[in-house]
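Visitor: fold the stuff below for me.
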Amino acid sequence: MAPVLGYWNLRGLVMPIKYCLEHAGIEYEDKIYKDGDEWFNKDKPGLGLDFPNVPYYIDGNVKLTQSLAILRYVAEKNGLAGSSAEEKAIADMVGSQVMDLRMNLAQLCYGTWSEENKKEFLNDKVPSHFKLHEKFLEGKDFILGKKVSYADFFLWESIDMLLYMEPSLLSKYPNLAKFHERVANLPKMKAYLASPKCIQFPLNGAMAKWGGKMEDIKTRFPNYKV
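Guide: Numbering: from 1, shown residues only. Below is the predicted model of the structure:
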């Protein structure tokens, strides 16, 4: 039986897991909840999850929640976690650094959103992260050099989400720009991004102050018809 990945009908925390599954060529059921009733009243109490939440991943007897636990599990099973203790630690280090940026983004989108705070985020917080990643990627194709890992998909997703807020964000970061293009052009990643299965928007839940409404897509794609 194919594993099941469950989440809301948005990008949120789930996409790096999907990218890993697609890159690895794993067939899985993409369980998308378009309203809360099925999740809260049926599957949340009924799936036997130890810590019921979304995303969840059910792979035979393995039932996981928490996005990073799922991401690392999928990566470990499919050769995307690094092949040595050092590589695994580097992937985890970069993944943790990316999570710090994601938490900053979530705080802005769900809590402190204003045009002033957005400018501060883009002019202060994002450069403090991007400068480190830019330096780290010097001379590398991917985070582990020539080898693709889950951390590449995690970083790629964070970059891509931020481009919806400021499309020119990578203009000062040539290594990150090349990395973003390189990951997007991995054959199975490219096919998935172009497929109707891939959720482009919204980035966040409907309660978010930014990224949860389709009209927010127009910052990056002004001609998009909502």
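
Visitor: so which residues of this structure form helices?
Guide: 15-24, 36-37, 44-46, 67-77, 85-107, 115-120, 126-136, 150-163, 174-184, 187-193 (DSSP state H).

Visitor: next one: the first one to chain centre, how far?
Guide: Taking the mean of its C-alpha atoms, helix 15-24 sits 9 Å from the chain's own mean (Cα atoms, centre = their mean, to the nearest Å).

Visitor: can you pull the contacts of residue 156?
Guide: Residues in contact with residue 156 (Cβ atoms under 8 Å, 6 or more residues apart in numbering) are 16, 19, 179-180, 183-184. To be clear about C-beta, it is placed using only N, CA and C from the backbone, and glycine gets the same treatment.

Visitor: and for residue 91?
Guide: Residue 91 touches 75, 81-82, 143-144, 149-151, counting by Cβ under 8 Å, 6+ apart.

Visitor: go on, residue 137?
Guide: Residue 137 touches 143, 175-176, 179, counting by Cβ under 8 Å, 6+ apart.

Visitor: and residue 20, how far from residue 80?
Guide: From residue 20 across to residue 80, the span is 6 Å (Cβ to Cβ, to the nearest Å).

Visitor: so these two - more neighbours on which side?
Guide: residue 20 (27 against 24; other Cβ atoms under 10 Å).

Visitor: what sits closest to the more buried one if chain neighbours are left out?
Guide: Among residues not flanking residue 20 along the chain, residue 74 sits closest, at 4.9 Å (Cβ to Cβ, 6 or more residues apart in numbering).
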